[in-house]
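> Quick check, what structure comes out for this input:
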Amino acid sequence: MNFQHVIDKVPDYKVFLTVDEMDESTRKLAEEFPDAVTVFEAGKSRDGHPIQCIKIGDGPKNALCFACPHPNEPIGAMTMEYLSRALAEDKALRDELGFTWYIIKCADPDGTRLNENWFKGPYNIFNYIRNYFRPVGYEQVEWTFPFEYKEYRFDKPLPETQVLMKIIDETKPEFMYSLHNGGLCGAYWYISHDLPELYEGFHNSAKKEDVPLDLGEPETPFATEFAPAIFSLNGQDEYYDYMEKHTGKPPTLDVGADSHTYASSKADCVTLITELPYFFDPRIEDQSDSDISRREALLIEANQSEAFFEMLEGLVGGIRSYISKDNPFFKLMDPSSPARKERNEAQRKWAMSDPEFEKPAKGSQVFSSFVVSKFYRGLSLGLAVRTCEFELERLAKEGSNDQEAMTKLKAVLQEGLRQLQQYTDELERELNYTVIPIQKLVRIQLECGLLVSNHISKNR
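From the prediction side, this is the model:
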């Protein structure tokens, strides 16, 4: 089936929807198409927000699509905003694909609310980092499914994760689309099954929208590369083995399995992730040889990461005693995290382990190691600023007279803001980035999801 007519109708979205706007849109969709759409409350978030699930169609196979499992990644929410309407309006599309669709636009509404200050723009490096939020691993919906491997056990699924577990248990989906995106990168994909007949379609979906492939260092170094920028979906057990191999000891873990691992334990489920950027720099696809080895680039990146978090400890170390346990912003950026130090150690050992790394690094790999990694480290500086704001707001609400705490927090806040501005100014000078229109990103995620679901419908 040619889906271009569906892809061409994606609206020219200018902003991302808030949680309340998504909920309202879902309600209106059910009212407009009562014969095709059912909306039910699948559960509640930790803060008590209803998680709405849209059920569309009555095909013999089941598909589960959920967006914002990481709340700083709303591209998928816009993809589901459009897909849910396209399916509701187009019975021929529903019949051709042959699925019953279960769609959740926002799997983590509480975390998503903490990102809404950048959802309406302006879309630039400073505004994104300044208003960014992502929870620590053990509070991420995607990474808190039950998991047991070797010496490690995790069995503390979040309420939001339990919502997904229940739907997976009841529907045993043949297709699952966990909707994610990056920040500064190109297009790349993870897929649970090696389906080479689809890869040209994935690449073309990005090419048509002038979004480059991400040909830099892979996000997951131990993943199998099925094709350029297309990787195997790996579970926490592979990460455990990778860390154990390169550090000589079991890793420090505070997370569970991912949705793919859980779904695959219940059914033969094909899971797709289409990762896309808000910002891209053409160097992410530069395949020319650089003047340094890939090993040298990876080792320099590990050293720069270590130096950055030492700097961050110097910034926030003096206010640790004033940071409350329920401060959501501090947990992920905590510079004393042993897991972060272990990842740096593993990267160094990995870089030294393979003679292939002695070859010249591609320009894209150098760009990943030196500039993209700097962008992602900067997110922790934004979280440090928000850590201070959270505690000052808490003290104000409590009517606290702790002048020492407020003085120190205000001082770190001001210094953090100064450093953040300086840091993002440096990134602006180092980057030649473009802000990608939301419409283009939705079209790519939509087309890839349709390609996979159609393949499953016709071949499995």
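
> Do a quick rundown of the helices in the stretch 251-400 of the chain.
For the stretch 251-400 of the chain, applying DSSP state H, counting those that start in this stretch gives helices covering 259-264, 294-316, 330-333, 338-353, 363-367, 373-398.

> Could I get these in TSV, plus columns for mean pLDDT, distance to residue 216 and mean neighbour count?
C-beta: built from backbone N, CA, C; applies to glycine. TSV is the format used below for the helices of the stretch 251-400 of the chain (pLDDT from 0 to 100; distance: least, Cβ to Cβ, whole Å; neighbours: other Cβ atoms under 10 Å):
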stretch	mean pLDDT	distance to residue 216	mean neighbour count
helix 259-264	97	23	23
helix 294-316	96	10	18
helix 330-333	94	23	21
helix 338-353	92	14	17
helix 363-367	97	4	24
helix 373-398	97	10	19
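
> Residue 284 is nearest to which of those helices?
Evaluated over these, closeness to residue 284 peaks at helix 363-367, with 5.5 Å, by Cβ to Cβ.

> Determine how far the closest one lies from the middle of the whole chain.
Offset of helix 363-367 from its chain centre (Cα atoms, centre = their mean, to the nearest Å): 22 Å.

> Check which helices and strands it sits against.
On a contact count with 3 or more Cβ pairs under 8 Å, 6 or more residues apart in numbering; DSSP states H and E, helix 363-367 meets strand 289-293, helix 294-316.

> contacts for the first one?
Defining contact as Cβ atoms under 8 Å, 6 or more residues apart in numbering, one finds that strand 289-293 is touched by 297, 357-363, 365-366.

> one more time with 6 Å, if that's ok
358, 360-361, 363, 366 (Cβ atoms under 6 Å, 6 or more residues apart in numbering).

> related to what we said a few turns ago, residue 91 is nearest to which of the helices and strands packed on helix 363-367?
helix 294-316 (51.1 Å).

> From the rest of the structure, what touches that closest one?
335, 344, 347-348, 351, 357-358, 361, 365-366, 369, 373, 377, 384.

> Apply 8 Å and report the result again.
By Cβ under 8 Å, 6+ apart, helix 294-316 touches 217, 290, 323, 330, 333, 335-336, 340-341, 344, 347-348, 350-352, 356-362, 365-366, 369-370, 373-374, 377, 380-381, 384, 387, 412, 415-416, 419.

> same thing with stretch 21-30?
For stretch 21-30, using Cβ under 8 Å, 6+ apart, the contacting residues are 17, 37-39, 50, 52, 54, 77, 81, 84-85, 88, 105-106.

> same check, this time on stretch 332-351
Contacts of stretch 332-351 (Cβ under 8 Å, 6+ apart): 134-137, 221, 242-243, 246-247, 251-254, 294-295, 298-299, 301-302, 305-306, 309-310, 312-313, 316, 357, 379-381, 383-384, 387.

> gap between it and the chain center?
19 Å.

> Just give me the neighbour total for residue 438.
21 (other Cβ atoms under 10 Å).

> Dihedrals phi and psi, it?
phi -60, psi -40 (degrees, to the nearest 10).

> thinking it is in contact with residue 78, fair?
Yes - the criterion here is Cβ atoms under 8 Å, and residue 438 meets it with residue 78 at 5.8 Å.

> what residues do those two have in common as contacts?
13, 16.

> Which residue ranges of the stretch 101-250 of the chain form strands?
147-149, 152-154, 175-179, 188-191, 225-227, 230-232 (DSSP state E, counting those that start in this stretch).

> Same list (those strands) but as CSV, adding mean neighbour count and mean pLDDT.
Converted to CSV, those look like this (neighbours: other Cβ atoms under 10 Å; pLDDT from 0 to 100):
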stretch, mean neighbour count, mean pLDDT
strand 147-149, 17, 96
strand 152-154, 16, 96
strand 175-179, 27, 98
strand 188-191, 24, 98
strand 225-227, 15, 98
strand 230-232, 19, 98
